[in-house]
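*Asks:* no sequence for this one, just the structure:
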């Protein structure tokens, strides 16, 4: 594992892989002109590079964490602003260090919630879907989703190799380049959401429609099908909003083309008649534009997700079996599926926080304040408020102001 110490003014790597230790020492000499000290510690090698200047540079300029900081780690801004090939190299190195291939696919394990969120978004930029899940030990797992054939190939590889001992390697700095590049914010929180958490996938619908009906030539069909199927792949226990969103649009187009709406259709109890129902209205494309114009995610699901749709896509409510560690079907009731999806999208999936002045003028409770819990509370409030937050209290008849600005806690006597 790698570390940076601003107290001892050194950075280093602990590894059981001797070629990796030698390469780390070589990079220290090539990049910074530092000579490394390598020593054995049991079955591992420790590589140390002593330099206050380099340690400060890595922390201040690149934003690396130092000391015991596993839960505070985040992807450096220098990586987030880098060209695509640099980001790909970073992800490849990071997965080599903290990722592993298991029975459920390729999984990255990290103690930092922020890091797991950033990795998920970077993977999405490369067209790769993933799922984050908290673990009982406080870690976060980022599981990469993909094509079924890739999962089968991975399973075949795993079955043919004996299990391995998990190792944590250092993240190698590939290069640092200054420059300007475009940065895109793909989240739109007001009306519709286009990131992986949203269901209004108008762009996905048009992308597949244009490519399959207008733009593709014969030589491009296989490549398009491979990439598109990877984007829309959905496995049991996992919701792929791209798949559900595009299928909802196709469902709407088919229903309004055939007239499968209105009182006559709803009152029909004959399943065979409803299956063959076709008034040849041709209103599907018009309805799609109407839906895109006036519906958000919640309205789309509430208005158009039907029992037939849930059955066709095999949408169920899943739970986690603690004994086997696998997802299991809890309910097949389409209404519960719909309720669960609507609940996850209400208020953009965020909790509703009300600010209420229930103690105007600060009457005081005469109960001592637990400082550690107060700091945790300030930290949680800052995640919601996104601005500096404060708690004013009394300590030994003197006023004290506890503050948190997102980076550090401060205490001021009043």
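*Replies:* On my side now, so go ahead. Since we're looking at a predicted model, the values are computed, not measured.
*Asks:* so where's the stretch 301-414 of the chain uncertain?
*Replies:* Along the stretch 301-414 of the chain, segments meeting pLDDT under 70 span 347-351, 356-366.
*Asks:* okay, strands next: where are they in it?
*Replies:* Using DSSP state E, counting those that start in this stretch, the strands of the stretch 301-414 of the chain run over 317-320, 327-331, 389-395, 398-404, 409-413.
*Asks:* in the protein, which helix or strand is least confident?
*Replies:* Least confident helix or strand of the chain, by mean pLDDT, DSSP states H and E, is helix 148-159 with a mean of 58.
*Asks:* show me what the biggest helix by length in the chain is in contact with.
*Replies:* For the chain, the longest helix by residue count, based on DSSP state H, is helix 241-258. Applying C-beta atoms under 8 Å, 6 or more residues apart in numbering, the contact partners of helix 241-258 are 129, 196-202, 204-205, 208, 231-234, 260-261, 277-288, 291, 300-301, 304-306, 309, 313, 315. (C-beta placed from N, C-alpha, C; glycine too.)
*Asks:* in it, what counts as buried?
*Replies:* For helix 241-258, a neighbour-count test (16 or more other C-beta atoms under 10 Å) marks 241-249, 251-253, 255-258 as buried.
*Asks:* that one: what's the following helix or strand?
*Replies:* On the C-terminal side of helix 241-258, the nearest following helix or strand under DSSP states H and E is helix 263-267.
*Asks:* show me what that next one is packed against.
*Replies:* For helix 263-267, not one helix or strand is in contact under the criterion 3 or more C-beta pairs under 8 Å, 6 or more residues apart in numbering; DSSP states H and E.
*Asks:* again, 10 Å this time
*Replies:* helix 271-276 (3 or more C-beta pairs under 10 Å, 6 or more residues apart in numbering; DSSP states H and E).
*Asks:* who are the packing partners of the helix it packs on?
*Replies:* Other helices and strands packing on helix 271-276, by 3+ C-beta pairs under 10 Å, 6+ apart, are helix 263-267, helix 307-313.
*Asks:* between those, which gets nearest to residue 179?
*Replies:* Of all these, it is helix 307-313 that lies closest to residue 179, at 44.3 Å by C-beta to C-beta.
*Asks:* if we can go back for a sec, closest to residue 378 among the buried residues of helix 241-258?
*Replies:* residue 241 (33.7 Å).
*Asks:* does residue 25 touch residue 31 like I think?
*Replies:* No - if you go by C-beta atoms under 10 Å, residue 25 and residue 31 don't touch, sitting 11.2 Å apart.
*Asks:* neighbour count for the two, which is higher?
*Replies:* residue 25 (20 against 13; other C-beta atoms under 10 Å).
*Asks:* mind listing the shared neighbours of residue 25 and residue 31?
*Replies:* residue 49 (C-beta atoms under 10 Å, 6 or more residues apart in numbering).
*Asks:* mind giving me the domain ranges of this structure?
*Replies:* Domains of the chain are assigned by automatic domain parsing as 1-68, 69-184, 202-349, 371-413.
*Asks:* pretty sure residue 235 is touching residue 105, no?
*Replies:* Yes - Residue 235 lies in contact with residue 105 (C-beta under 10 Å); the separation is 9.0 Å.
*Asks:* more neighbours: which of these two?
*Replies:* residue 105 (18 against 15).
*Asks:* show me what the more buried one bridges to in the sheet.
*Replies:* Counting by DSSP bridges, residue 105 is bridged to residue 102.
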